[in-house]
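Colleague: Okay, here's the prediction I keep looking at, along with the sequence it came from:
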Amino acid sequence: MNAILKLSLAILMSAASPAAFAQDSHAGHGAAAGHEMAAAAELTDGEVRKIDKDAGKITLRHGEIKNLNMAAMTMVLRVKDAAMLDQVQVGDRIRFAADRVDGAVTIVQLQKAQ
């Protein structure tokens, strides 16, 4: 009888374990998602080098983009909304937020630096 009780307890514990793990796992993702959103709101300094309104792209020399773990460099970025490109001209200093949208690094917020 003792062996059956131990076996039953072992089965019960192993069945409950994945559910508890799944709850912990989702809680962790929620915290990570919140952290990513907070990091995405952090603006990065940049300078406009080129604007391609037809393609919806902008070339920037920018500082570190922390939420994407991207070092400072000059690169071409997509913009979430092509109307953002009407706000800036080549040579402008800007502040922006970028994130991955459909696999591409995309500017999701853009403003002229003060």
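Modeller: Cool, got the structure. Residues are numbered from 1 along each chain as shown.

Colleague: CA atoms for contacts and neighbours, from now on please.
Modeller: Fine.

Colleague: what about Arg93, neighbour count?
Modeller: By the measure other C-alpha atoms under 10 Å, the count of residues near Arg93 is 19.

Colleague: shouldn't it be in contact with Gly46?
Modeller: Yes - using C-alpha atoms under 8 Å, Arg93 makes contact with Gly46 at a distance of 5.8 Å.

Colleague: Kindly export stretch 100-114 (C-alpha atoms) in CSV.
Modeller: These are the backbone C-alpha positions of stretch 100-114, laid out as CSV (Å, rounded to 0.1, in the frame of the first residue of the first chain):
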residue,chain,number,x,y,z
ARG,A,100,12.1,45.6,-34.1
VAL,A,101,9.0,45.6,-36.2
ASP,A,102,8.4,42.6,-38.5
GLY,A,103,12.1,41.8,-38.1
ALA,A,104,13.4,45.2,-39.2
VAL,A,105,14.9,47.9,-36.9
THR,A,106,12.3,50.6,-37.1
ILE,A,107,12.0,54.1,-35.7
VAL,A,108,8.8,54.2,-33.7
GLN,A,109,9.2,57.7,-32.2
LEU,A,110,11.0,60.7,-33.6
GLN,A,111,11.5,64.3,-32.5
LYS,A,112,13.9,67.1,-33.2
ALA,A,113,16.5,67.6,-30.4
GLN,A,114,16.1,70.8,-28.4
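
Colleague: Give me the residues contacting it.
Modeller: Contact with stretch 100-114 is made by 45, 68, 77-81, 84, 87-88, 92-99, as judged by C-alpha atoms under 8 Å, 6 or more residues apart in numbering.
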